[in-house]
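Visitor: Sequence and predicted structure, then a few things I'm wondering about:
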Amino acid sequence: MFVITCPYCGERDLSEFAYGGEAHIARPEWREDMSDAEWAEFLFMRTNPKGILAERWMHAAGCRRFFNMLRNTATDDILAVYRIGETPPKVEARLPATPSGEAPIGSGNDAVKIIQPGEGA
Amino acid sequence: MGKQPYRAPKGGLVQRNRVIRFTFDGRSYPGHPGDTLASALLAHGHHMVARSFKYHRPRGILAAGSEDPAGLVTIGADAKRRDPNTRVAEQELYDGLVASSQNCWPSLLTDFGAINDAFARFMPAGFYYKTFKGPPGTWTGLFEPIIRAAAGMGRAPEPGDPDRYEAINRHCDVLVVGGGPAGLMAALAAGRSGARVILVEETARLGGSALARDPDRLAFDGTQPAQWVADIEKELATMPEVTVLPRTCAFGYYANNFVGLWEKVSDHLPEDKRLGHLPRQRLWRVRAREVVLATGALERPLVFHENDRPGVMLAGAVRTFLHRYGVMAGRRPAIFTNNDSGWVAAFDLARAGAEIAAIIDVRREMSPQHLAEAARLGIPIHASSTVVATAGYRRIRQVEVRPLHEDGTVGQGGSKIACDVLAVSGGWAPNVALFSQSRGKLAWDGELAAFRPGLSWQRERSAGAANGTFALADALAEGARAGVEAAAAAGFASGDVTVPEVEGAEPGQGRIKVMAELPSHLPAHRRRAWIDLQDDVTAKDLRLAVQEGYSAVEHAKRYTTTGMGTDQGKVVNLNAFAFLAAERGEDPVKVGTTTFRQPYKPVTFAALAGQHMGPHFLPRRTTPMHAWHRRHGAVFEPVGEWLRPRAYPREEEDFFAAVQREARTARSACGVLDASTLGKIDVKGPNAREFLNRVYTNAWMKLAPGMCRYGLMLGEDGMVMDDGVTACLADDHFHMTTTTGGAARVLAKLEDYLQTEWPELKVYLTSVTEQWAVASICGPKSPELVGEILDDFDPDPEKFPFMAWREATMAGIPVRVFRISFTGETSYEINIPATYGRWMWRTILEKGQKHGIAPYGTEAMHLLRAEKGFIIVGQDTDGTVTPHDLRMSWIVKKSGDFIGKRSLFRSDTARTDRRQLVGILTEDPELVLEEGSHIVARRNEPAPPVPMLGHVTSSYYSPNVGRSIALALVESGGTRIGDRLFATRGGLPTVPVRVTETDFLSLKENRQLPQAPREALNG
């Protein structure tokens, strides 16, 4: 239950929002010659990164407006919130070391629980 | 006082001048207000309160708080209110309290389950996994019933809890968890800054460890501990922004400083003294800007042979019972320790009048100051020694002590020492559960031989013993600093707090000598050294787990069940992890910990449910006509969030008969349906028409004002998502209807496209579902009736054709009348402002009486639709069905884009052998198929897997067709019309069916119903 800052209403509880999937996936204009593979790319394929993801949210129990958000999926850290049509801002985050690894701290998987020898405290 | 033989002559914060009575296992005892059940039982010398889970060994009271692993009883005599697995150390005493032991039969002292203990060597770690396996069927047939009969702790209360519970939300600037010295200073500092502060204390009183000290030997600025705490409490009470919550456990630390608090509001009061306006328990959902964790430290037991007897207690708990509750745990206690804190417990007990049997310390070198004090008090010392065995059943009565050599072996010739309590101390570990839940990283502290908070992830800080700061003066300073910093971080200028001068500070636990399992003269297989007292996990079990390859901490936990009891291993886990490290010969950092999960301790379901019980569990939406439906005996069904009448059975009429009558009446005379629940969206704007063109599969450019059109809406994947009729109110204004359950989903999707894909379209969407009450009147008598109830209105179906709509008035009230139909009959759908809904409904039924009107529910509506082959989205479609699959290609326009269009040309959706919607008629006209029945090609299919052609989506007995009807999605269904297939009937033989078109009424009218073959009729 994290807190989201709606760009129109301000800080609100997660329970007021609805998830809208990955952002910045524009619906292609209808083209007769569009291949199944091209269409499938739009329809089904998502990046699903362990790390920074641009995603859409809707303030369902509020202004009912869609907006975009950058979230670190490894830690649920919200890095930026911006309006539809705006370009995502540059952000930094403590990211997992490898594609299958965990973020050094704050991992949602509880896999990183103890400071290991040699790790800066 | 003579009746409480172990009550100390003086001291304790109990009200000695008042006597209250409680019963334990049917026996009545006296106690005092301020006691816990544990302290009151100990005052009677009653140590054995429970039986362990697996071996049914006698269990006593190890700790004085929520960390106690095995002292569990059931509270309450009322089966609906009883509270199983309550820790005796936590339950506050009240007059008339009824407690009983659990996990034993027939009684605590004579428990047949204790036979398990005799067979303990046949039930090693992983016993379940090794034993309960066999050929198929043995699990459900044999093993599961045995295990279920043996499992379980306590009995859950019976349904129908009469008490109230509530959940509330709260925001605060600083949440302080723990009302001990550090927490008090933090709350005071933050409170003085003006911040909104919540201070949470798990027990009934603030004070924490300050109350577990001899009040004559500790002072804060010259004030006795209890008075010092009371002064702070008084000041906090004057601060309007500070909330102090005693009896409240912070049980879960979640994202963004969201902390769950569980307040036991009334559980400490006799049932007749509980206040009616207060709930029994309360759940606080707190969002804090900053959190201070002052959760203190937990003391570890020692792991040695026969360490599980009642009367083996933590040294710190013994002190708490003495100073906070005025109870001597024993008159002749022995102390067994690996650090200095066992010694101070001995001194306190000696000063209170106990005869200390011995102090047994595993260390060789000890504090000279303590040695001198022990000598002064005449306490025998066994240095560099260990306990190798104990005796006593209901209570420990003797320990056997042997010298401990430098090489970790024990010597010959020890001594047997009589005692009535054994106070043990394995050193203190910061209580880091909440910190770890907050996803902070733990740091290993070699000096403490324990983990303490390392790196914070959330806006939180630990203070005092929870942070490994055990010295009282330091803990106070750290608490004050944490309060100031937290308030500052939340935007409040620091309040000024002077840290009190502590007189009588204790030197702390000193150097601790950790031995994962204390050595013994006994061979390893004969040693029974308990690690987990509740689940009966011994050092031997953990050793076996390591030997068998389950040496990772998470594996060992699950293989042996250590720390998996209701206590979640609060005090036992550290010993388990240390033991694993020693067994593996690795650093404790490498071994790590299991995950500290929410909740910190078991929280009742009732508290979590709060007010959301019964009708409040999931509030239902009802139409303006709901009261009428209820008065007229409607049977209801939930549809999405709504409650809709399913049928209106008359007296002596069953549900089936009612539906048949309603469906017959709707076609033969006149029926009326409450259609108010349909989603209604007002679509307005210069681009409204273009918008509809893009969201529906059909064309909308030519729909004239005054006319309606049916539309199918697809997802971008080409699958049918919703359907409904949209009316053109004006060139730039439309009234869209959706299915009852799909309204919110449709509105969200339309908003999504408008806001994110087509921001250039000027269209405004407004949900008007609840603005209109809707009655759909159908049947041959409906034109006459509609003419009667509307003012100056010509309902003639010729002049007011199908799919038109008109404005009209009903007794002067403006209404919209739509000539649209659920049933295929001549229909009028009257929309009236919702406040007139009930009046309109009543009027229709009154005026309709002479036409033979009957209200019909959703079941008859589904049946009437199926008779005409009209689809129901969500019943005949399931998210894998395209318009072509429904054989509704006529509704898909050829030119121009719409949502989902491209997907209709994917190789998969363009297949001609997809499942398609067809009619299914059983050869036996009286047989009604089960919805979901499979359609197969042959009467006797070969062995499974049987190739399945499709399944039945809707199935009814139709009074108007005069036989059973069904709709089904069948592979290449459109090309199979007239074919003979078979339908399965869940275990019964398959039955032959005919594939038909879906409009059964037309088939009947045109005499195209297939004739049943003679064999089917006879057979």
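Guide: Looks like it arrived, so ask away.

Visitor: contacts and neighbour counts: CA atoms only from here.
Guide: OK.

Visitor: What parts of chain B come near chain A?
Guide: Within chain B, the positions adjacent to chain A are B:254-256, B:258, B:436, B:439-444, B:454-455, B:457, B:589-590, B:592-593, B:595, B:716-717, B:752, B:755-757, B:897, B:902-903, B:906-907 by CA under 8 Å from any CA of the partner chain.

Visitor: In strands, which of these fall?
Guide: Judged by DSSP state E, those include B:254, B:258, B:441-444, B:454-455 as members of strands.

Visitor: Report how many residues lie close to residue 53.
Guide: No chain in the question, so chain A it is. When neighbours are counted by other CA atoms under 10 Å in any protein chain shown, residue A:53 registers 20.

Visitor: wrong one, I was asking about chain B
Guide: Residue B:53 - counted by other CA under 10 Å - has 22 other residues nearby.

Visitor: helix/strand/coil for it?
Guide: Following DSSP: H, G, I helix; E, B strand; the rest coil, residue B:53 is assigned to coil.

Visitor: Doesn't residue B:724 belong to a strand?
Guide: Yes. Secondary structure of residue B:724 (three-state DSSP): part of a strand.

Visitor: Break chain B into its domains for me.
Guide: As assigned by automatic domain parsing, chain B contains the domains B:165-297+B:430-503, B:679-770, B:908-1018.

Visitor: Show me the shaky parts of chain A.
Guide: Residue ranges of chain A with pLDDT under 70: A:120-121.

Visitor: all helices for it, in order.
Guide: Per DSSP state H, chain A carries helices over the ranges A:36-43.

Visitor: Give me every residue in it lying close to chain B.
Guide: A:1-3, A:26-27, A:30, A:36, A:39, A:43, A:65-66, A:84-85, A:105-108, A:110, A:112-117, A:121.

Visitor: Show me which of those residues are buried.
Guide: Burial by neighbour count, judged by 16 or more other CA atoms under 10 Å in any protein chain shown, picks out A:2-3, A:36, A:39, A:43, A:65-66, A:84, A:105-107, A:110, A:112-116 from the residues of chain A next to chain B.

Visitor: Count the neighbours of residue B:863 for me.
Guide: As a burial measure, residue B:863 scores 26 neighbours (other CA under 10 Å).

Visitor: My guess is it contacts residue B:956. True?
Guide: Yes. Residue B:863 lies in contact with residue B:956 (CA atoms under 8 Å); the separation is 6.4 Å.

Visitor: Return the residues in contact with residue B:556.
Guide: B:542, B:545-546, B:550, B:562 (CA atoms under 8 Å, 6 or more residues apart in numbering or on different chains).

Visitor: which parts of stretch B:717-731 are buried?
Guide: Neighbour-count burial for stretch B:717-731 [16+ other CA under 10 Å]: B:717-729, B:731.

Visitor: what do you get for stretch B:585-595?
Guide: B:588-589, B:591-595.

Visitor: pLDDT added to those, as JSON lines?
Guide: Listed next are the buried residues of stretch B:585-595 as JSON lines, based on pLDDT from 0 to 100:
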{"residue": "B:588", "pLDDT": "90"}
{"residue": "B:589", "pLDDT": "91"}
{"residue": "B:591", "pLDDT": "92"}
{"residue": "B:592", "pLDDT": "92"}
{"residue": "B:593", "pLDDT": "93"}
{"residue": "B:594", "pLDDT": "93"}
{"residue": "B:595", "pLDDT": "92"}
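
Visitor: Redo these as CSV? Include distance to residue B:844.
Guide: Output for these, formatted as CSV (distance: CA to CA, whole Å):
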residue, distance to residue B:844
B:588, 79
B:589, 78
B:591, 76
B:592, 74
B:593, 71
B:594, 67
B:595, 64
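
Visitor: picking that back up, just checking, which of the residues of chain A next to chain B belong to strands?
Guide: Among the residues of chain A next to chain B, the ones falling in strands (DSSP E) are A:3, A:66.

Visitor: Below-threshold pLDDT in the stretch 501-650 of chain B: ranges please.
Guide: For the stretch 501-650 of chain B, no range has pLDDT under 70.

Visitor: now do chain B
Guide: Ranges of chain B meeting pLDDT under 70: B:1-2, B:495, B:1012-1019.

Visitor: What is the longest helix of it by residue count?
Guide: In chain B, taking DSSP H as the definition, the longest helix is helix B:472-489.

Visitor: Give the other helices and strands that the next helix or strand after that one contacts.
Guide: The helix or strand immediately downstream of helix B:472-489 is strand B:502-503, counting by DSSP states H and E. With contacts taken as 3 or more CA pairs under 8 Å, 6 or more residues apart in numbering or on different chains; DSSP states H and E, strand B:502-503 sits against strand B:219-220.

Visitor: so residue B:671 sits in a strand?
Guide: Yes. Looking at residue B:671 with three-state DSSP, it is inside a strand.

Visitor: Wait, it touches residue B:775, no?
Guide: No. Between residue B:671 and residue B:775 there is no contact under CA under 8 Å: 10.0 Å.

Visitor: If you count surrounding residues, which of the two has more?
Guide: Ranked by neighbour count (other CA under 10 Å), residue B:671 and residue B:775 place residue B:671 first, with 30 against 23.

Visitor: That one bridge partners, please.
Guide: Beta-bridge partners for residue B:671, by DSSP bridges, are residue B:778, residue B:854.

Visitor: who's in contact with it?
Guide: Residue B:671 touches B:662, B:665, B:777-779, B:782, B:853-856, counting by CA under 8 Å, 6+ apart.

Visitor: Likewise for residue B:875?
Guide: Counted by CA under 8 Å, 6+ apart, residue B:875 has contacts B:953-954.

Visitor: Could you look up the SS state of it?
Guide: coil.

Visitor: any idea how far it is from chain A?
Guide: From residue B:875 across to chain A, the span is 25 Å (CA to the nearest CA, to the nearest Å).

Visitor: again with residue B:122
Guide: Residue B:122 is 35 Å from chain A, where distance means CA to the nearest CA.

Visitor: picking up where we left off before, show me which of the residues of chain B next to chain A are buried.
Guide: Judged by 16+ other CA under 10 Å, buried ones among these: B:254-256, B:258, B:436, B:439-444, B:454-455, B:457, B:589, B:592-593, B:595, B:716-717, B:752, B:755-757, B:897, B:902-903, B:906.

Visitor: Give the buried residues for stretch B:344-363.
Guide: B:344-350, B:352, B:354-363.

Visitor: and the residues you listed, which of them are in strands?
Guide: Using DSSP E, the buried residues of stretch B:344-363 in strands are B:358-361.

Visitor: tell me which of those is nearest to chain A?
Guide: Nearest to chain A, judged by CA to the nearest CA, of these is residue B:361 at 31.2 Å.

Visitor: ok, that closest one - contacts?
Guide: With CA under 8 Å, 6+ apart, residue B:361 has these contacts: B:336-339, B:381-386.

Visitor: which SSE is residue B:249 in?
Guide: strand B:248-254.

Visitor: Parallel or antiparallel, list what pairs with that strand.
Guide: strand B:258-264 (antiparallel).

Visitor: Residues contacting the strand it pairs with, please?
Guide: With CA under 8 Å, 6+ apart as the test, strand B:258-264 has contacts from A:1-2, B:245-254, B:280-288, B:603, B:607.

Visitor: Got a quick ChimeraX command for the buried subset of the residues you listed?
Guide: Buried residues within those, by 16+ other CA under 10 Å, are selected in ChimeraX with:
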select /A:2 /B:245,246,247,248,249,250,251,252,253,254,280,281,282,283,284,285,286,287,288,603,607
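
Visitor: Show me how far the helix or strand harbouring residue B:40 is from its chain's centre.
Guide: Using DSSP H and E, residue B:40 falls within helix B:37-43. Centroid separation for helix B:37-43 versus its chain: 33 Å, with CA atoms, centre = their mean, to the nearest Å.
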